[in-house]
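Novice: When you get a sec, could you give me coordinates for this:
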Amino acid sequence: MSTIRKAGLAVAFFILCTSMTAQAASDENTVHNAVQSAGIGALLDETPDEAQCLEAAQNAREESKKIYGYENLGIANVNDYLNVRKTPDENGELVGKMPKHAGADVLGEENGWYQISSGKVRGYVSADYMLTGPEARELADQEATQMAVCNSGGLRVREEPSLEAPVITLVAEGEELEVVEVQQDWVEIMLDDEKAYVYGEYVDVSKKLEKAVTMTELKYGQGVSDVRVDLVNYAKRFLGNPYVWGGTSLTKGADCSGFVMSVFKQFGVSLPHYSGSQAGRGTKISLSQAKPGDLVFYAKNGVINHVAIYIGNGQVIHASSPRTGIKISNVSYRTPYCVRKILD
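Specialist: Got it, this is the predicted structure:
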C-alpha cells in the first residue's frame, strides 16, 4: 500500500473516530457504513470502539504538535559539527556529533547547556550553538530534506523506474534515501552520487532533518592495532566536510576514493584515485572479518563505483554525495560488494 493511501486512510480513520467520540455514536450499522464509505472497510474487520478512537485522536494530536518528528525542536547552528558530550561541560566525554542544521529534541537546560536526544545519541550541547523556538522552526523549514525511508527489508534499487530495469543494490529496512522526485509509482532517489529509483509502495516519504551520529569508541586489543584506531579517528575529524567529484582535499572537498586516498596517505599508504583500482590493493576478506580501517566497496551492475572506510560497530565513513558530504552510514546502507584489508 502506498504512503499516500496509508496517510489518507489514517486521516479518514481519525476523522471518523473524532466524530464518533464527539457525538457518542452508538448505532453500529451507521458507524460500519461510515467506515466503508471512508474507504477503510478493508482494513478494519471490526468497528473501532471508543477506546480505539480516543487513542487514535490522542496520537494524531501528539503527532501534529511535533516539528519534523521533534516535540521540542532544537537545531545545531554550526558550520560543521556540534559536539555532544556525556556531561554538561567542555571536558565531558564526547558521545556524538550533530551535523550542521541537524535536529534534536531539547529535553532540558543546565548551566548554559541543553540536554538533547537526536538519533541514537543523548547528551549535552552548548546552548550557544543551538537554536530553539521560532528560530529553530524557521531554519528547519529551510533545511529539511525529503527522504524515503525503506519500510521493508531488501528493497531493490533500480537503474530506471521499471520493474524490468536492472537492480543496482538492495537496501535494508529503515535506511533513509535522499529523494529527488516523487513520481506516480516510483521515487527517484540519490544513491550516493548517482540517481536511481525505488518502488513507491516500499518507502515512506517525508521531510526530515539530519540526526546526530554516535562516536563509538574503538577498543584496543582484539586485533585492532593502534594505527587502525588512529586512522579511523583521523577520518572522523572530517565529518561534514564537502563532497567534490574528483577532489582529494579533506577540508575543501573530496569524492569517495579521494577521501580514502588522502586519509591513507596520512599513514604512509599510497592508493590510486579510483575506487575500482583501490579494490585491487591489499587482501580480500569477508565482511564478517572486517576491522576498523579496512575498505568496503560497493558496485553497480558488478562494477565498483563507491568505497568507504569501515570504522567498526557495523558502520562506515565515506564521502557520499554533494548534499551530505563526508558522513557515517551503516555498512549495509547498500549491499557491500567486497572488502579489502589494506593495513597489515
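Novice: what's the weakest-modelled helix or strand in this protein?
Specialist: Ranking every helix and strand in the chain by mean pLDDT, DSSP states H and E puts helix 28-37 at the bottom, with a mean of 43.
Novice: so Ala148 makes contact with Val179?
Specialist: Yes - under the criterion of CB atoms under 8 Å, Ala148 makes contact with Val179 at 5.2 Å. From N, CA and C alone the C-beta is placed, and that goes for glycine too.
Novice: any residues in contact with both of those two?
Specialist: 187, 189, 205 (CB atoms under 8 Å, 6 or more residues apart in numbering).
Novice: Would you reformat those residues as TSV and include secondary structure?
Specialist: Formatted as TSV, these follow (DSSP: H, G, I helix; E, B strand; the rest coil):
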residue	secondary structure
Val187	strand
Ile189	strand
Val205	strand
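Novice: quick one, strands of the stretch 101-250 of the chain?
Specialist: 103-110, 113-118, 121-126, 130-132, 145-150, 155-158, 167-171, 176-182, 186-191, 194-199, 203-208, 213-214, 248-249 (DSSP state E, counting those that start in this stretch).
Novice: The third one to strand 103-110, inter-axis angle?
Specialist: Same thing as strand 121-126. 60 degrees (axes from the mean of the first three to the mean of the last three CA atoms, to 10 degrees).
Novice: So which elements touch strand 121-126?
Specialist: strand 81-85, strand 94-99, strand 113-118 (3 or more CB pairs under 8 Å, 6 or more residues apart in numbering; DSSP states H and E).
Novice: Of all those strands, which one is nearest Ile67?
Specialist: Closest to Ile67 of those is strand 113-118 (CB to CB; 13.5 Å).
Novice: Buried residues of the closest one, list them for me.
Specialist: Along strand 113-118, these residues count as buried under the neighbour rule (16 or more other CB atoms under 10 Å): 113-118.
Novice: is it possible to export the residues you listed to a markdown table including pLDDT and distance to Lys211?
Specialist: Formatted as a markdown table, the buried residues of strand 113-118 follow (pLDDT from 0 to 100; distance: CB to CB, whole Å):
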| residue | pLDDT | distance to Lys211 |
| --- | --- | --- |
| Trp113 | 97 | 19 |
| Tyr114 | 97 | 16 |
| Gln115 | 97 | 16 |
| Ile116 | 96 | 11 |
| Ser117 | 96 | 10 |
| Ser118 | 94 | 5 |
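Novice: re the thing from before, higher neighbour count, Ala148 and Val179?
Specialist: Between Ala148 and Val179, Ala148 has the larger neighbour count (other CB atoms under 10 Å), namely 26 against 20.
Novice: Tell me what that one is bridged to.
Specialist: Leu177, Val205 (DSSP bridges).
Novice: hmm, back to that, so which of the helices and strands packed on strand 121-126 comes closest to Pro161?
Specialist: strand 94-99 (30.2 Å).
Novice: possible to save the strands of the stretch 101-250 of the chain as a markdown table with distance to Lys97?
Specialist: Shown next, in a markdown table, are the strands of the stretch 101-250 of the chain (distance: least, CB to CB, whole Å):
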| stretch | distance to Lys97 |
| --- | --- |
| strand 103-110 | 12 |
| strand 113-118 | 10 |
| strand 121-126 | 8 |
| strand 130-132 | 13 |
| strand 145-150 | 19 |
| strand 155-158 | 28 |
| strand 167-171 | 24 |
| strand 176-182 | 18 |
| strand 186-191 | 22 |
| strand 194-199 | 27 |
| strand 203-208 | 18 |
| strand 213-214 | 6 |
| strand 248-249 | 20 |
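Novice: so which of those gets nearest Ala299?
Specialist: strand 167-171 (7.8 Å).
Novice: and the closest one, what does it pack onto?
Specialist: Using 3+ CB pairs under 8 Å, 6+ apart: strand 167-171 touches strand 155-158, strand 295-300.
Novice: From the structure, what's the count of residues near Arg237?
Specialist: 12.
Novice: how about a markdown table for the helices and strands packed on strand 167-171, with distance to Ser270 and mean pLDDT added?
Specialist: A markdown table is the format used below for those (distance: least, CB to CB, whole Å; pLDDT from 0 to 100):
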| stretch | distance to Ser270 | mean pLDDT |
| --- | --- | --- |
| strand 155-158 | 33 | 92 |
| strand 295-300 | 14 | 96 |
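Novice: taking these together, which one is wrapped up most tightly?
Specialist: The highest mean neighbour count among these, using mean count of other CB atoms under 10 Å, belongs to strand 295-300: a mean of 22.
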